[in-house]
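In: give me a model of this one.
(2 chains)
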Amino acid sequence: MIGASKIKQYSNVLEKPLSKGKQEVSLSAFAFLFSELVQYNQTQVDNIAELERRLEDAGYAVGARCLELLCHREKGNRRETRLLGILSFVHSTVWKVLFGKVADSLEKGTEHEDEYMISEKELLVNRFISIPKDMGTFNCGAFVAGIVRGVLDSAGFPAVVTAHFVPMEGQQRPRTTILIKFAEEVLRREARLG
Amino acid sequence: MIVCVAVVGHQNNPLYIQSFTEADDALKLHHIVHCSLDVVDERVNNPKKSGPTLNETFLGLLYPTENYKVYGYLTNTKVKFILVTTDLDVRDVDVRNFFRRFHAAYVDAVSNPFHVPGKKITSRTFAERVSNIVKSFGLSSTG
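Out: The predicted structure follows:
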């Protein structure tokens, strides 16, 4: 290699340890990769629900690994057992590592006990995407919903997570909300823990 | 002397078992690891309600058998690491150190996009790192 010799040369880039490193990836590289992911999935499916499901599954794999990595790196290995604990972990730590900032807001749903919402003015993954009119309510934020579902599921809080557009008055682009609906057993366990 | 390390998934399915002595029966070690899983479950489901022990990952000495000591460690995703050793005078801090490095190796192995969570860990790099950690554990505790 040209230049000063490094301390340790890894023969294979896959064998480098997952150190903290430069925590930056170029946005355009990610945007291209994500658009290719969506396009590839679009050719494989017949309808929109299937496309959303595939993006969610892709996100699920990311979320499961993210949880392992973050717990080891950032949180000093404490295990989250409470609902609010894991939600604030997702809302701040996970968002900060993935998107460079904490999520805009975390709210509890008013109609149902088991619903929580994480809102974002504009999801990073949706920044360069515009949905054609004939795709209706499809939201590429399904990928992020999959990531959240992966994190919650691996931590022992099974939930159904979906992404929705919420139109706001006075703004052109609608806000994105990730809706988290926890399973029955989570609420029962939470009630038991007091 | 570390005799055996094991990684067990959250449904108590084995993900990685490796024994480091030729002398002892591998089956007996597997059996010891299996029995210690019950102790882990008991600790997790009925915690002593004192604050700091509720969320702790390092479970400590699970149970001593005739000439083995078994230590346990629980990660955030309910994946358990079991360590079987024949040393009689291991220090707590050495075992914690061991598990910290083992956890780092495990996280690296799981971050592999070709690894299916729930299946056995087949990475050779992981196996090499684990044997390195095991070798250095022996040196530091006797040194």
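In: now the helices for chain B?
Out: With helices called from DSSP state H, chain B shows them at B:26-45, B:92-110, B:124-142.
In: just checking, what packs against the first one?
Out: To tie it back to what came earlier, the one meant is helix B:26-45. With contacts taken as 3 or more Cβ pairs under 8 Å, 6 or more residues apart in numbering or on different chains; DSSP states H and E, helix B:26-45 sits against strand B:2-8, strand B:14-19, strand B:58-64, strand B:69-74, strand B:80-85. Every C-beta, even on glycine, is put in place using the N, C-alpha and C of the backbone.
In: for A:Val166, find the nearest of the helices of chain B.
Out: Among the helices of chain B, the nearest to A:Val166 by Cβ to Cβ is helix B:92-110 (34.9 Å).
In: by contact count, what packs against the closest one?
Out: Checking 3+ Cβ pairs under 8 Å, 6+ apart, helix B:92-110 ends up next to helix A:48-73, strand B:58-64, strand B:69-74, strand B:80-85, helix B:124-142.
In: reformat those as a markdown table; add mean pLDDT.
Out: Shown next, in a markdown table, are those (pLDDT from 0 to 100):
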| stretch | mean pLDDT |
| --- | --- |
| helix A:48-73 | 87 |
| strand B:58-64 | 75 |
| strand B:69-74 | 84 |
| strand B:80-85 | 84 |
| helix B:124-142 | 79 |
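In: could I get these as JSON lines with mean neighbour count and distance to A:Asn139?
Out: Shown next, in JSON lines, are the helices and strands packed on helix B:92-110 (neighbours: other Cβ atoms under 10 Å in any protein chain shown; distance: least, Cβ to Cβ, whole Å):
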{"stretch": "helix A:48-73", "mean neighbour count": "20", "distance to A:Asn139": "8"}
{"stretch": "strand B:58-64", "mean neighbour count": "15", "distance to A:Asn139": "42"}
{"stretch": "strand B:69-74", "mean neighbour count": "22", "distance to A:Asn139": "36"}
{"stretch": "strand B:80-85", "mean neighbour count": "23", "distance to A:Asn139": "37"}
{"stretch": "helix B:124-142", "mean neighbour count": "15", "distance to A:Asn139": "37"}
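In: looking at these, which is nearest to B:Pro113?
Out: The nearest among those, by Cβ to Cβ, is helix A:48-73 at 7.3 Å.
In: distance between the helix or strand of chain B with the lowest mean pLDDT and the chain's centre?
Out: Ranking every helix and strand in chain B by mean pLDDT, DSSP states H and E puts strand B:58-64 at the bottom, with a mean of 75. Distance, stretch centre to chain centre, for strand B:58-64: 10 Å (Cα atoms, centre = their mean, to the nearest Å).
In: do the same with stretch A:138-149
Out: Relative to where its chain is centred, stretch A:138-149 has its mean C-alpha point 6 Å off (Cα atoms, centre = their mean).
In: and the least confident helix or strand of chain B with strand B:80-85, angle?
Out: Here strand B:58-64 points in a direction 50 degrees away from that of strand B:80-85 (axes from the mean of the first three to the mean of the last three Cα atoms, to 10 degrees).
In: what pairs with strand B:58-64, parallel or antiparallel?
Out: Sheet pairing here is set by DSSP bridges, and for strand B:58-64 it gives strand B:69-74 (antiparallel).
In: ok, residues contacting the strand it pairs with?
Out: Residues from elsewhere that reach strand B:69-74 (Cβ atoms under 8 Å, 6 or more residues apart in numbering or on different chains): A:79, B:32-33, B:36, B:39-40, B:43-44, B:57-64, B:80-88, B:90, B:95, B:99, B:102-103.
In: ok, now with 6 Å
Out: B:36, B:40, B:57-59, B:61-62, B:80-85, B:95, B:99 (Cβ atoms under 6 Å, 6 or more residues apart in numbering or on different chains).
In: and those, which is closest to A:Ile118?
Out: B:Thr57 (26.5 Å).
In: tally of neighbours for the closest one?
Out: Using other Cβ atoms under 10 Å in any protein chain shown, B:Thr57 has 21 neighbouring residues.
In: which residues of chain A fall in helices?
Out: Under DSSP H, chain A gives helices at A:27-44, A:48-73, A:83-88, A:95-99, A:142-154, A:184-193.
In: redo these as a markdown table? Include distance to B:Asp108.
Out: Output for these, formatted as a markdown table (distance: least, Cβ to Cβ, whole Å):
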| stretch | distance to B:Asp108 |
| --- | --- |
| helix A:27-44 | 22 |
| helix A:48-73 | 9 |
| helix A:83-88 | 24 |
| helix A:95-99 | 17 |
| helix A:142-154 | 17 |
| helix A:184-193 | 30 |
